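K.L.:
Would you be able to build a 3D model of this:
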Amino acid sequence: QVQLVESGGGLVQAGGSLRLSCAASGTIFSKKVMGWYRQAPGKQRELVADITSGGSTNYADSVKGRFTISRDNAKNTVYLQMNSLKPEDTAVYYCAADGFPLRRPGEFVYWGQGTQVTVSS
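P.N.:
Residues are numbered from 1 along each chain as shown. So this is what the prediction gives:
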């Protein structure tokens, strides 16, 4: 069974930085597309960034140039480095893993419990 455990959320002032971590277990992590999503109150969950097994990355326009997704396959961990944080980045951030090989790559089916990020103005 795939388990994803996020850490690193918290309260930060606008302009500050946070690094989120997501430790995966129960899967061949190196073969997975991993992603970070977020959901703000009253809004739909949205993709923040994802990273393929080969290290290719994709970002939402709202975070390009400020956030960086990376992975350490030796540690089964994916990271989200968030710089120049804005109040509108406030949300619960979720780690996700795709269902490859049973599902097509990038189809996220496994989710962490979420970690709260709050950016004060």
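K.L.:
all strands in the protein, in order from the N-terminus.
P.N.:
3-7, 10-13, 18-25, 34-39, 46-51, 57-59, 67-72, 77-82, 91-98, 108-111, 115-120 (DSSP state E).
K.L.:
Throw those strands into JSON lines and include mean pLDDT, thanks.
P.N.:
Written out in JSON lines, the entries for the strands of the chain read as follows (pLDDT from 0 to 100):
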{"stretch": "strand 3-7", "mean pLDDT": "96"}
{"stretch": "strand 10-13", "mean pLDDT": "98"}
{"stretch": "strand 18-25", "mean pLDDT": "97"}
{"stretch": "strand 34-39", "mean pLDDT": "98"}
{"stretch": "strand 46-51", "mean pLDDT": "97"}
{"stretch": "strand 57-59", "mean pLDDT": "98"}
{"stretch": "strand 67-72", "mean pLDDT": "98"}
{"stretch": "strand 77-82", "mean pLDDT": "98"}
{"stretch": "strand 91-98", "mean pLDDT": "97"}
{"stretch": "strand 108-111", "mean pLDDT": "95"}
{"stretch": "strand 115-120", "mean pLDDT": "98"}
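K.L.:
is it possible to export these to a markdown table including mean neighbour count?
P.N.:
(Glycine included, C-beta is placed from N, CA and C.) A markdown table is the format used below for those (neighbours: other Cβ atoms under 10 Å):
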| stretch | mean neighbour count |
| --- | --- |
| strand 3-7 | 17 |
| strand 10-13 | 13 |
| strand 18-25 | 19 |
| strand 34-39 | 22 |
| strand 46-51 | 19 |
| strand 57-59 | 15 |
| strand 67-72 | 18 |
| strand 77-82 | 22 |
| strand 91-98 | 23 |
| strand 108-111 | 16 |
| strand 115-120 | 17 |
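K.L.:
residue nearest the centroid of the chain?
P.N.:
Taking Cα atoms, centre = their mean, the centroid of the chain lies closest to Trp36, which sits 2.2 Å from it.
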